[in-house]
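J.: Return atomic coordinates for the entry below.
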Amino acid sequence: MTIHLEFTPEQISEIRYQRYNHLVPLVQRRMEALLLKAHNLSPEQIEEIVGVSGNTIREYYELYQQGGIEKLKEINYYKPEGELVRHIVSLEAYFRENPPASIKEAQKEIEEITGVKRRGSKMTKKLYPTDIVKQAQSVLDAWKQISATLTFGDLTSDMLSTDVTQAGPLENQITDLETQLTNLRNQRDDLFLGMWDKLKRVRSGVKANYGDDSSQYEMVGGTRLSERKSPVRKTAAAKA
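T.: Next up is the predicted model:
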């Protein structure tokens, strides 16, 4: 039985935001399924893109029916999923008010708020404080006030000053590149969604003109009716 869902433009916008910005991969996956559903992709296409079974997709839809987007964001893990999970609600509220300009900026803010450093999909302890450059500049100013010629072994104030000077442009360059990468990914996702819509229209058109058991339908990627497997229904266990 097909589950019919309705979405307002505002809901679609919110689902898209959660798809790319929520901190939990499971929630991102749920949002992706709903986003594809909102764009009228077929169940088979949604299963293929999201990478889960039809039953799991149905569970996502039922969650949405029960409580909308907020229900999709509920996480009920049996085991703790790491240090970041308990901060999810506060982080989401923070990022709503202070949207990060890049992935790098988001990672830095998560680290500052929670003390957990996120690198890729793993959490690691901080290797250095997030305000390292600020601290270095403060120490350098104090060092020069005490004595610019003071050294610590082979360490001089000029050496630290060089590091501080190089840090700013390097960090800015990384941030710019990551911003460009984020923009390119967003462009790619928009392109791919449009591409899927075109593919669906082509297949639907071929199916309407030549039939769903035609070689033409198979040529454009459809599964011919005669080759589809009948669903296996589970029979209820007999009561003892």
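
J.: can you give me the helices for the chain?
T.: With helices called from DSSP state H, the chain shows them at 9-21, 25-38, 43-50, 54-72, 88-97, 103-114, 132-147, 157-210, 215-219.

J.: angle of the second one against helix 9-21?
T.: Angular relation of helix 25-38 and helix 9-21 on a 0 to 180 degree scale: 140 degrees, by axes from the mean of the first three to the mean of the last three Cα atoms, to 10 degrees.

J.: Show me the domain layout of this protein.
T.: 1-76, 131-216 (automatic domain parsing).

J.: Select, out of the helices of the chain, the one closest to Ile3.
T.: helix 54-72 (4.5 Å; Cβ to Cβ). Bear in mind the C-beta positions are built from the backbone N, C-alpha and C, glycine included.

J.: Identify the residues contacting that closest one?
T.: Applying Cβ atoms under 8 Å, 6 or more residues apart in numbering, the contact partners of helix 54-72 are 3, 5, 11, 14-15, 18, 27, 30-31, 33-34, 37, 43, 46-47, 50, 74.

J.: Mind giving me the ChimeraX select for those, buried ones only?
T.: Remark: buried members of the contacts of helix 54-72, expressed as a ChimeraX selection using 16 or more other Cβ atoms under 10 Å:
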select :11,15,18,27,30,31,33,34,37,46,47,50
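
J.: Low-confidence ranges, the chain, go.
T.: 1, 76-102, 113-126, 229-240 (pLDDT under 70).

J.: And Tyr217, how far from Asp141?
T.: 73 Å (Cβ to Cβ, to the nearest Å).

J.: Looking at those two, which one has more neighbours?
T.: Tyr217 (21 against 11; other Cβ atoms under 10 Å).

J.: so that one sits right up against Lys207, yeah?
T.: Yes: Tyr217 lies in contact with Lys207 (Cβ atoms under 8 Å); the separation is 5.3 Å.

J.: so who does Thr2 touch?
T.: Per Cβ under 8 Å, 6+ apart, neighbours of Thr2: Pro43.

J.: From Thr8, how far off is it?
T.: 20 Å.

J.: can you check Thr130 too?
T.: 39 Å.

J.: Tell me which of the two has more neighbours.
T.: The residue with more neighbours, out of Thr130 and Thr8, is Thr130; 16 against 9, by other Cβ under 10 Å.
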